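Chemist: The following block contains a protein sequence and its predicted model.
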Amino acid sequence: TQLLEQSPQFLSIQEGENLTVYCNSSSVFSSLQWYRQEPGEGPVLLVTVVTGGEVKKLKRLTFQFGDARKDSSLHITAAQPGDTGLYLCAGPPPGAQKLVFGQGTRLTINP
Amino acid sequence: DVKVTQSSRYLVKRTGEKVFLECVQDMDHENMFWYRQDPGLGLRLIYFSYDVKMKEKGDIPEGYSVSREKKERFSLILESASTNQTSMYLCASSSNPGNTIYFGEGSWLTVV
């Protein structure tokens, strides 16, 4: 059983559309991170959210941390082909000294 | 810029061979990690190290060992490679175990 569940696992949409991907858990996390991984590369950190209810924006990407700190979402406005990649959420479980990762959302933006 | 360098991007090895995957970081980070990444299974932690000569098992340590003789270098060893170890291997480092992880570009290993 995954501690962090991401949905959807696959998403393919047209350029210009909006989308939201989700990262959910039954556990409370002190923080959650979002990474993007492009084909053939390692994941790269996009953002860290640490406060319940926090919203962070990175150009067309909006990240939200749930009030109860059990979930997070990533919303992309007007998606572009350059947004294509694998999006991973990650966080340190309670009492643990390492990050756990969700299984990822593979996003494809078609021109 | 932060840099985690994995020595081999693509390797093909035979079943039973001993395989070394090398990783070097230039950020003076205490913590280093080895993950494998497989479709549908996400990133799974093999081993991590929080100090020189220290190591901890991750979620899937069977069939692997690690070595950390110097702070900047963390090696993953497959004592006797098997076909089910065909995967993408990612090395990473961080200043704190729960903090931002910086990944290398990955090593694609095929065991035939």
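Modeler: All right, it came through fine.

Chemist: can you tell me the distance between the two ends of stretch B:104-112?
Modeler: Stretch B:104-112 has an end-to-end distance of 24 Å (CA to CA, to the nearest Å).

Chemist: Counting neighbours, which bits of that stretch end up buried?
Modeler: B:104, B:106-107, B:109, B:111 (16 or more other CB atoms under 10 Å in any protein chain shown). For the C-beta atoms, the positions are set from N, CA and C on the backbone; glycine is no exception.

Chemist: Not counting it itself, show me its contacts.
Modeler: A:40-42, B:4-15, B:17, B:19, B:21, B:23, B:37, B:78, B:81-83, B:85-92 (CB atoms under 8 Å, 6 or more residues apart in numbering or on different chains).

Chemist: same thing but at 6 Å, please
Modeler: A:41-42, B:4, B:6, B:8, B:10-13, B:15, B:21, B:23, B:81, B:83, B:85-86, B:88-91 (CB atoms under 6 Å, 6 or more residues apart in numbering or on different chains).

Chemist: quick one: the nearest residue in space to residue A:2 that is not next to it in sequence from residue B:47, how far?
Modeler: Nearest non-adjacent residue to residue A:2, counting by CB to CB, 6 or more residues apart in numbering or on different chains: residue A:103, 6.0 Å away. From residue A:103 across to residue B:47, the span is 21 Å (CB to CB, to the nearest Å).

Chemist: higher neighbour count, those two?
Modeler: Set side by side, residue A:103 and residue B:47 show more neighbours around residue B:47, with 23 against 19, by other CB atoms under 10 Å in any protein chain shown.

Chemist: For the more buried one, give me its contacts.
Modeler: Per CB under 6 Å, 6+ apart, neighbours of residue B:47: B:34, B:55, B:58, B:61, B:66.

Chemist: tell me which element it is part of?
Modeler: strand B:42-49 (DSSP states H and E).

Chemist: Over to residue A:40?
Modeler: Secondary structure here is read from DSSP H and E; on that basis residue A:40 sits in neither a helix nor a strand.

Chemist: so how many other residues sit close to it?
Modeler: Residue A:40: 10 neighbours (other CB under 10 Å).

Chemist: Just read off the phi/psi values of it.
Modeler: The phi and psi values for residue A:40, taken as degrees, to the nearest 10, are phi 80, psi 10.

Chemist: quick one: the helix or strand containing residue B:33 to strand B:42-49, angle?
Modeler: Following DSSP H and E, one finds residue B:33 within strand B:31-38. Going by axes from the mean of the first three to the mean of the last three CA atoms, to 10 degrees, strand B:31-38 is angled at 150 degrees with respect to strand B:42-49.

Chemist: which residues sit in contact with the residue nearest the centre of chain B?
Modeler: The residue lying closest to the centre of chain B (CA atoms, centre = their mean) is residue B:34, at 2.9 Å. With contact set as CB under 6 Å, 6+ apart, residue B:34 has these partners: B:46-47, B:76, B:91.

Chemist: Assign the residue nearest to residue A:2 to helix, strand or coil.
Modeler: What DSSP: H, G, I helix; E, B strand; the rest coil gives for residue A:103 is coil.
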